[in-house]
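Undergrad: Sequence and predicted structure below; questions after.
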Amino acid sequence: MIRRGAAALVTGVVLACAAPLASAQHARLFPPARLGELEGPDRDAWQRPEQVMDALSIGDGSVVADLGAGGGWFTVRLARRVGPNGRIYAEDIQPQMIEVIKRRMQREALTNVITVQGTATDPKLSPGSLDAVLIVDAYHELEEPVALLRNLATSLINAEKEHIVTSVAKAKELRPFVEKAITLARKAQHLSGDDAVLRGVHLRRQAAGFFHAGNSTFKKEQSRFRGNKGEAKDTIERTAGVKAVQRLFEELGVRYKDRNGGYTRIIRLGRRQGDNAEMAVIELVDNPHELAAKSE
């Protein structure tokens, strides 16, 4: 299930440029009135949804996000694959698309789909909730792709399964993004000496720059004075980014302690017939699915 120093700098540049370019960038969003152009009778042949879902090990009970779901063409196929025990989060930033998806799920009698209206910088995915994330024909529409990649990578790091399907070009962009963060966690496993704790804290702070910022009001929200007197107090969870950093250092750093790089792999799926884009799966090596297959 999708983030650093340099990336944070790039994000700042993108945010600074977003305002004057907003109108031009919004023009890249696919018009809802033209959804019919995306759903020709040959789309199954060139999109190959079954192969994509197989590559991501999506099956009964899986929890998957369809990022930039559009009219829900892929969402329907995902919902059927995961069955009533699974869940699909159909995310799009256009409210018109969300309404189209809702109507489509009603027609198809699919009750395992939750629509999510995201923003240009945040897909609003729940922390640690996803087995897989799909971005199909949507990356080019993003106003702030670096910021979105940080959100997406946060969700993937928190997930039990650790892979994503996208184009080869985008997988190559994401790969160094993830590997730099993992390298910081790996370095922490080899610290020693009187200043080891201090250097470990520094590495965690560096890694935090690759993920969501932590929730600065966490301690205040945990106050014993919150809520009504005499009533049970709800537990306040830390942000997805804080959870991702914790998993990075407590699990992934340990997993890759003796591995000098190469924490991810890209598996090419072949070219998509519609636009000839080369598709791929990017995943963390030694992930649970891979280890389970080796033990069989």
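TA: Received the coordinates, thanks.
Undergrad: Tell me the bridge partners for residue 281.
TA: Per DSSP bridges, residues listed as beta-bridge partners of residue 281: residue 165, residue 267.
Undergrad: Now do the same for it: its pLDDT.
TA: At residue 281, the pLDDT value in this model is 82.
Undergrad: my guess is it meets residue 287, correct?
TA: No. Because the distance of 10.9 Å does not satisfy C-beta atoms under 8 Å, residue 281 is recorded as not touching residue 287. Every C-beta, even on glycine, is put in place using the N, C-alpha and C of the backbone.
Undergrad: Find residues that contact each of these two.
TA: Taking C-beta atoms under 8 Å, 6 or more residues apart in numbering as the contact rule, the neighbours common to residue 281 and residue 287 are residue 163.
Undergrad: For residue 133, grab phi and psi.
TA: phi -130, psi 130 (degrees, to the nearest 10).
Undergrad: tell me the pLDDT at it?
TA: Residue 133 carries a pLDDT value of 79.
Undergrad: correct me, but it touches residue 68?
TA: No. With contacts counted by C-beta under 8 Å, residue 133 stays clear of residue 68, the gap being 10.6 Å.
Undergrad: Looks to me like residue 64 is in a strand.
TA: Yes. Assigned with DSSP: H, G, I helix; E, B strand; the rest coil, residue 64 falls within a strand.
Undergrad: List the residues that contact it.
TA: When contacts are counted by C-beta under 8 Å, 6+ apart, residue 64 touches 56, 58, 78, 82, 86-89, 130-134.
Undergrad: I'd like these laid out as TSV, including distance to residue 251 and secondary structure.
TA: Formatted as TSV, the entries for the contacts of residue 64 read as follows, by distance: C-beta to C-beta, whole Å; DSSP: H, G, I helix; E, B strand; the rest coil:
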residue	distance to residue 251	secondary structure
56	21	coil
58	23	coil
78	27	helix
82	25	helix
86	24	coil
87	24	strand
88	26	strand
89	24	strand
130	17	coil
131	17	coil
132	19	strand
133	19	strand
134	24	strand
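Undergrad: Number of residues surrounding residue 276?
TA: If you count neighbours by other C-beta atoms under 10 Å, residue 276 ends up with 8.
Undergrad: and if you look at residue 83?
TA: Residue 83 has 12 neighbours, counted by other C-beta under 10 Å.
Undergrad: ok, now which ones touch it?
TA: Applying C-beta under 8 Å, 6+ apart, the residues near residue 83 are 60, 61, 112.
Undergrad: How about residue 93?
TA: Contacts for residue 93 were tallied using C-beta under 8 Å, 6+ apart; they are 29, 68, 117, 118, 119, 120.
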